[in-house]
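Peer 1: fold the stuff below for me.
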Amino acid sequence: MPKKKYLNESIKLGGIDLTVESGKVAKQADGSVVIRYGDTILLVTAVSDTKPREGLNFFPLTVEYRESSYSAGRIPGNYFRREGRPNEKEVLTCRLIDRPVRPLFPDGYRNETQIVATVISADTENDPDVVAITGASCALFLSDIPFANPIAGVRIGLVDGKYLVNPTYDERRESSLNLIVAGTEEAIVMVEAEANEVEEGIMVEAMMLAHKEIKRLCLWQKELFKALGVEKRTAEPEPVDEKVLAEVTSKYSDAMRKALDTTDGKDKLDSYKAIDELKAEVVESYPEDDADARAMAGKAFGVLKEQIFREDILGNKRRTDGRKFSEIRAISCEVGWLPRVHGSALFTRGETQAIATTTLGTKQDEQFMDDLETGEVRRSLMLHYNFPPYSVGEAGRFGSTSRREIGHGNLARRALEPLLPDEGEFPYTIRIVSDITESNGSSSMASVCGGSLSMMEAGVPLKRPVAGIAMGLVLEENRYAILSDIAGAEDHYGDMDFKVTGTDEGITALQMDIKVAGINAQILVEALEQARKGRLHILEVMRQAIEAPREDISPYAPRIITMKVHPDKIRDIIGPGGKMIRSITEETGAKIDIDDDGTVNIATADGDAAQAAVERIKALTAEAEIGETYLGTVSRIVDFGAFVEIFPGVDGLLHISEISERRIRDVRDELKEGQQVMVKCIGKEGNKIKLSRKAVLKDEKAQASGGES
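Peer 2: Next up is the predicted model:
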């Protein structure tokens, strides 16, 4: 292998230099680059074994992405003060890299391969996630690893009707679209988006703009490849024996088509069983002592299965379950069927089913996450997706949350988040859990529908309900078919998995993975329009279960009363060392959250306890107003007057001249400590309050005089 050369080149992207440096760091890796965008820098490495792993029928690729706290000048906030298992952002970025890269390796490649992307410098403007996609491509493509076609990643924002390439964090906060696109020079291969009810046409325009920039980056990588003079390893996939394929095709095509068919009451498991039995028959038709022939028969069986599936769709215009291309499976929606949870829904679409529950909490229940940009972020909406093995008829182990579960939950959360009410209108933390109880088709889209239903049933005032649909595509040369509501086999053998969520106003989230080139703008427009019609159909079915959010929340959910106090009064509520707020919490059982702007949220399921907490806080934060009358208690008598407590801990001065209408010589002739007395506030100077009993007596006389007349 030739000695690696040093390279340091730049290209403009979104007005900022994107710089790739190779041959300086991590030189023992097969491929390594330091990629820089602004002051955000990543080290990305790629290593692939020279020999395949025996006995595998899948590509053993692992992707690791880590955000080092030191890159932002911080020490980790956990107990160990070092990075631990990957957080949600890191897991999602691993998936962003894996999804576009994996399909571009040679078919049948079985060599252990690992990509590691580490953020080593992070500015407060540029998100490293999309830079990591391009960095992974550079590490692979500028090495001898058989990765023959470079990719690049670009983010598109939309602010005031203008598209932005790789918008900054601040620009993204103002943007109605956050779109990440990865692709090759020839085609888009992956899309990930969240949007504020964006129209389909805008989404296609943004994708085309992203691909225009991606083409530039891919051509640039090819120039770098030539400059380095890299020689790629050879990786030839094992071909299918044409003779064996012909034999299997002639003998078993009809039986295969029958096994794939799921009409006439057959479900997915019936079809899987029939296919497994047929495969065993095909393999066993070859001599038992000829392992190679049996292995090739099994491979030919898989090729035939895919050929029949695709030809039935493109040639015979027929799906395996008999549906029309735009037809959606039967949908059933039930709400409120779990009696003690705050909100619940059972969403069933074909053989995919989700139990979605909504739990309402207080600000104390918000999710805290480390963040390179700000150090820490809080999330008031959580959506946790669980995919137990029984949902696909299997027995399996229960372990930590998988990357797939994190990814699907994140997609569903992003789909629902734009429709949440403002915090001032609904100051609750919301946790949705989607338990998938059956799966054949997109369970993430079932989670979106179920999550929307359960929130409405919980009384969350969503602006509009949200639904999701999974689309598919089968494409060969000039023939293509767009499929609505794809089932598992259509996802596996199709050329595109395209998930779209939104309201009847527009798109809120989108996720797309494409396995082939040739997806043009026209196909994307057609797919999005077909998805829109499917989404509207699903929304109509959902409305039949629940038309609008419940007017009141569950009796088992905490009631939150919101009140405003002057920010200067916050310390009075908290008290020395938190003594006062603890006493209110212990006495009433209420949870109390206080924001810096003086917003106080009091939460409890007991209305009387909530009111008691409100009265305590009002007493602690009340301010005397000039002209108002108060019933106070004489707390201390001095020669020049008396101090009267009109609120707990708040005293005003009742001067000797304001005690009576007549002149008095000694305050003690009129007042005693502990005596309750009506006083009027007649003046305020800073924290000093001036009170008058004489003014109250005059008012009483005036009222009495008016009554007599």
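Peer 1: just give me the neighbour total for residue 67.
Peer 2: 24 (other C-beta atoms under 10 Å). For every residue, glycine as well, the C-beta is placed using N, CA and C.
Peer 1: please report phi then psi for it.
Peer 2: phi -110, psi 100 (degrees, to the nearest 10).
Peer 1: contacting residues around residue 410?
Peer 2: Going by C-beta atoms under 8 Å, 6 or more residues apart in numbering, residue 410 touches 88, 92, 383.
Peer 1: again, 6 Å this time
Peer 2: The neighbourhood of residue 410, defined by C-beta atoms under 6 Å, 6 or more residues apart in numbering, consists of residue 92.
Peer 1: following the host helix or strand of it, which helix or strand comes up?
Peer 2: Element membership for residue 410 (DSSP states H and E) is helix 403-416. Next helix or strand after helix 403-416 toward the C-terminus (DSSP H and E): strand 429-438.
Peer 1: by contact count, what packs against the next helix or strand along the chain from that next one?
Peer 2: Sequence order places helix 443-457 as the next helix or strand after strand 429-438, per DSSP H and E. Applying 3 or more C-beta pairs under 6 Å, 6 or more residues apart in numbering; DSSP states H and E, one finds that helix 443-457 contacts strand 343-349, strand 352-361, helix 403-416, strand 429-438, strand 467-476.
Peer 1: so for the next helix or strand after the second one, mean pLDDT?
Peer 2: Looking back up the chat, that one is strand 352-361. On the C-terminal side of strand 352-361, the closest following helix or strand by DSSP H and E is strand 367-371. For strand 367-371, mean pLDDT is 84.
Peer 1: and strand 367-371 with strand 429-438, angle?
Peer 2: Strand 367-371 runs at 90 degrees relative to strand 429-438, counting by axes from the mean of the first three to the mean of the last three C-alpha atoms, to 10 degrees.
Peer 1: tell me which residues of strand 367-371 are tucked away?
Peer 2: 370, 371 (16 or more other C-beta atoms under 10 Å).
Peer 1: that strand pairs with which strands, parallel or anti?
Peer 2: When pairing is defined by DSSP bridges, strand 367-371 lines up against strand 375-379 (antiparallel).
Peer 1: quick check: longest strand of the protein.
Peer 2: strand 40-52 (DSSP state E).
Peer 1: in that strand, what counts as buried?
Peer 2: Those would be 40, 41, 42, 43, 44, 45, 46, 47, 48, for strand 40-52 by 16+ other C-beta under 10 Å.
Peer 1: do the same with stretch 581-593
Peer 2: 581, 584, 585, 588, 590, 591, 592, 593.
Peer 1: what do you get for stretch 673-690?
Peer 2: Buried residues in stretch 673-690 (16+ other C-beta under 10 Å): 677, 678, 679, 680, 681, 682, 689, 690.
Peer 1: in strands only, show me those.
Peer 2: Per DSSP E, the buried residues of stretch 673-690 map to strands at 677, 678, 679, 680, 681, 682, 689, 690.
Peer 1: how about the fifth one: what's its closest non-neighbour residue?
Peer 2: Using C-beta to C-beta, 6 or more residues apart in numbering and skipping the chain neighbours, the partner closest in space to residue 681 is residue 624 (4.5 Å).
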